[in-house]
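A.B. asks: Pasting the sequence and the predicted model now:
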Protein chains: 2
Amino acid sequence: MKKVGIAGYGITPFTKEDKKIESILFESTKSLLENNPKISKNNIDAVLVSTNNNSKYLSPILSEMMGIQPKIAHSVENLCNSGTNSIVSAFSYVASGLADMVLVSGAERYDSPGQILEWDNSRGEFKHPIFWASIFTSSYKRQFAVSDEQLALVSVKNHAQAQNNPNAISKKTYSIQDVINSKIITGDLKLLDCSRSCTGSASIILASDEMIKQITDQPIWISGIGQKTTSAGFTKNESFNSMESTKIASHTALQMANKKIQDVDVAEIHDAFSVCEPMALEAIGFSKNGEGLNLVKELYDKKDYKINPRGGLIGSGHPLGATGIAQTIEITQQLESNAKNRQIENAKVGLVHNMSAAATSSTVLVLEK
Amino acid sequence: MKKVGIAGYGITPFTKEDKKIESILFESTKSLLENNPKISKNNIDAVLVSTNNNSKYLSPILSEMMGIQPKIAHSVENLCNSGTNSIVSAFSYVASGLADMVLVSGAERYDSPGQILEWDNSRGEFKHPIFWASIFTSSYKRQFAVSDEQLALVSVKNHAQAQNNPNAISKKTYSIQDVINSKIITGDLKLLDCSRSCTGSASIILASDEMIKQITDQPIWISGIGQKTTSAGFTKNESFNSMESTKIASHTALQMANKKIQDVDVAEIHDAFSVCEPMALEAIGFSKNGEGLNLVKELYDKKDYKINPRGGLIGSGHPLGATGIAQTIEITQQLESNAKNRQIENAKVGLVHNMSAAATSSTVLVLEK
């Protein structure tokens, strides 16, 4: 397969601002082009927009705003992992030879229609993701005898780590007691266990081996891709305390990259809710089943930012269509040694985990220097 | 580049029925699998849904309904050429080696939100495609001194040809006077000049060279792909009587396939409105500028179905996300000699032209035996 790398990126702050989807797509793409003066708009063969926004034709609209006339132009949607689906689609355009350079721009508004699963009539009134998250939390705590305090540490850690991320929505740290005492959303879920919907955009450029050398001396390569969709509804999951699609996707991605989990120096994990972080760590193989929270504690005690250095979804905010792209940018910055006070020392291999709808669909990417 | 072919297809009638988007996606996919018993669901690596519908997560939903657990799953949207964009995306997944077999399923409801360009505030009240079509019609008629009678023949021809297409929405033929006397929509546009929004779905399977041989002895290959987006708004067009993006896309597609326009035996042309057919015929190179309607008349007089054998969008109906896929199925059936009473004799090379929003974005595919 042809080598495909990351040639540049741009990102906006994640906020609660009421901005038009077009404006934030423009903002992150403008920042990308300003950060990378060697990228010529004329070389951009494809523009993919990742969003759950109901607006149509956003790729041609973004292209026109930026002065790009691409060959390939379309939007991509798959709820919360739209971002990595767009990146994999861009990868395939380059690897197939249909494009040499692809702009992927993801954006969401705080009021995204992807947040409430209106289409699924089988859910009755239980259309908000908090309901599956609540069932997962209850199941995971029972199965592995996990206390509220243990679980709350995910939120404590990720809010703390977000303080080093200037684009994060979270501007505060919280104690374990703050998390436990935060507003009760369901019996098992507190407000601070939840990632927040927000307004934000993230853009990235993928390019072929030949093209990328004209732009940067230290490209970051996408060496592993794994994807799996097991179902559309979480009641079909094997259990409520494990993530089958994530397990398959990470196995495939590591195999493609010819890497072991021990080789991974830094990872972005899709912590849409607190319980997702240990479940994903276990599915990916960072921890044994039921031991994900031990790793969270170990890293927190050591002040090791290996997992979710930018603060995860809980600390950074979760603008659905932008999330997978923002995660990929974080790992890229880590591997470039550009992550400032979030930097993991000597990071050579990174992993991105991005999922949708109770882990019924997962993407895992492996990135390398 | 790896060879990618068409391994199977399924389609629903195009109607005005009030069906759920999930139901019609299911219907065409079910028909595809029933028509192709050698396709194993376990070999389907990717499921792409093409639609302008606002429902999210449709690819995992369709996958679950069909009993497919794909690796890659997402929706694709780019207004009226969503269908061919999905096919090109599927092509790239196969050609890159990320997938061996991809299901592409397109669907739309009669009340699609892609029909009214709500997002474009620069249009004022002129949000319906009839406004650009009206300006195009007026400009084309003035530029090339075209009469109402000459233009009306596009609708007459395509309604007539649709009578051989059992899935077409049109069940009637019309005379030139019927078209001219049909309801006035704008000063330049009559009701019978317009393709109709409808409810319908079309599904297609793309597969690699190795995989396709297990399924069919006579695969149809996608040998040429051309795409271009020039802008998002038609006021940026070079002129209102030519299609720049179509010109570039068809040039690229024919070049990739190493074919000349004279080699093309049969073509699907995106006749969203009457005037689009001659304009596209000229942009693609079937006719010189201003002479597209001469070709329409010549073919009509000879009862030659070469252009839009299934009745085009005007005769078949235009369920946005399904249209490009339905066009590709028609050309596939022609090349397989499976087009029954629509069959072009000895068709070996076919072309698909699918565009969006006043030809601001175009896709052209070349298909071969």
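C.D. replies: Nice, I can see it.

A.B. asks: Which residue ranges of the stretch 101-250 of chain A form helices?
C.D. replies: Using DSSP state H, counting those that start in this stretch, the helices of the stretch 101-250 of chain A run over A:130-144, A:148-162, A:176-181, A:209-212, A:244-257.

A.B. asks: Could you export those as CSV, including mean pLDDT, distance to B:E345 and mean neighbour count?
C.D. replies: The C-beta positions use only the backbone N, C-alpha and C, and glycine is treated the same way. Output for the helices of the stretch 101-250 of chain A, formatted as CSV (pLDDT from 0 to 100; distance: least, Cβ to Cβ, whole Å; neighbours: other Cβ atoms under 10 Å in any protein chain shown):
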stretch, mean pLDDT, distance to B:E345, mean neighbour count
helix A:130-144, 95, 57, 20
helix A:148-162, 98, 67, 23
helix A:176-181, 98, 74, 16
helix A:209-212, 96, 45, 18
helix A:244-257, 98, 47, 23
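
A.B. asks: quick one, which of the ones you listed is nearest to A:N354?
C.D. replies: When the helices of the stretch 101-250 of chain A are compared by Cβ to Cβ, helix A:244-257 sits nearest A:N354, at 9.4 Å.

A.B. asks: The closest one near chain B anywhere?
C.D. replies: Yes: residues of helix A:244-257 contacting chain B under Cβ under 8 Å from any Cβ of the partner chain: A:T252.

A.B. asks: Can you find the helix or strand in chain A with the smallest mean pLDDT?
C.D. replies: strand A:184-186 (a mean of 92; mean pLDDT, DSSP states H and E).

A.B. asks: Each with direction, which strands does that strand pair with?
C.D. replies: If you go by DSSP bridges, strand A:184-186 pairs up with strand A:189-190 (antiparallel).

A.B. asks: circling back: the least confident helix or strand of chain A: how far from the chain's middle?
C.D. replies: 25 Å (Cα atoms, centre = their mean, to the nearest Å).

A.B. asks: before we move on, what about stretch A:103-120?
C.D. replies: Worked out by Cα atoms, centre = their mean, stretch A:103-120 lies 14 Å from the chain centre.

A.B. asks: mind saving the C-alpha coords of that stretch as CSV?
C.D. replies: C-alpha atoms of stretch A:103-120 as CSV (Å, rounded to 0.1, in the frame of the first residue of the first chain):
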residue,chain,number,x,y,z
LEU,A,103,-8.0,18.3,3.1
VAL,A,104,-10.2,16.8,5.8
SER,A,105,-12.2,19.4,7.8
GLY,A,106,-14.4,18.4,10.7
ALA,A,107,-16.8,20.7,12.6
GLU,A,108,-19.8,20.7,14.9
ARG,A,109,-22.0,23.2,16.7
TYR,A,110,-22.9,22.8,20.4
ASP,A,111,-26.5,22.0,19.3
SER,A,112,-25.5,19.1,16.9
PRO,A,113,-28.4,16.9,15.8
GLY,A,114,-25.9,13.9,16.2
GLN,A,115,-26.3,14.2,20.0
ILE,A,116,-29.8,12.8,20.2
LEU,A,117,-30.6,9.6,18.5
GLU,A,118,-33.9,10.8,17.1
TRP,A,119,-34.1,8.2,14.4
ASP,A,120,-34.1,5.1,16.6
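
A.B. asks: now it: mean pLDDT?
C.D. replies: Stretch A:103-120 carries an average pLDDT of 88.

A.B. asks: which ones are touching the residue nearest to A:T360 when sequence neighbours are not counted?
C.D. replies: Leaving aside its sequence neighbours, A:T360 sits nearest to A:S231 (Cβ to Cβ, 6 or more residues apart in numbering or on different chains; 4.9 Å). By Cβ atoms under 8 Å, 6 or more residues apart in numbering or on different chains, the residues touching A:S231 are A:N237, A:T360, B:P60, B:S63, B:E64, B:Q69.

A.B. asks: so the residue in the stretch 251-369 of chain A that chain B sits nearest to bridges to which residues?
C.D. replies: Closest to chain B within the stretch 251-369 of chain A is A:S361: 5.5 Å, counting by Cβ to the nearest Cβ. Beta-bridge pairing for A:S361 (DSSP bridges): A:T229, A:S356.

A.B. asks: My guess is it contacts A:N78. True?
C.D. replies: Yes: if you go by Cβ atoms under 8 Å, A:S361 and A:N78 touch, sitting 6.4 Å apart.

A.B. asks: hey, what's in contact with both of those two?
C.D. replies: Common neighbours of A:S361 and A:N78 (Cβ under 8 Å, 6+ apart) are B:P60, B:A73.

A.B. asks: which bits of the stretch 251-369 of chain A sit near chain B?
C.D. replies: A:T252, A:S356, A:A357, A:T360, A:S361.
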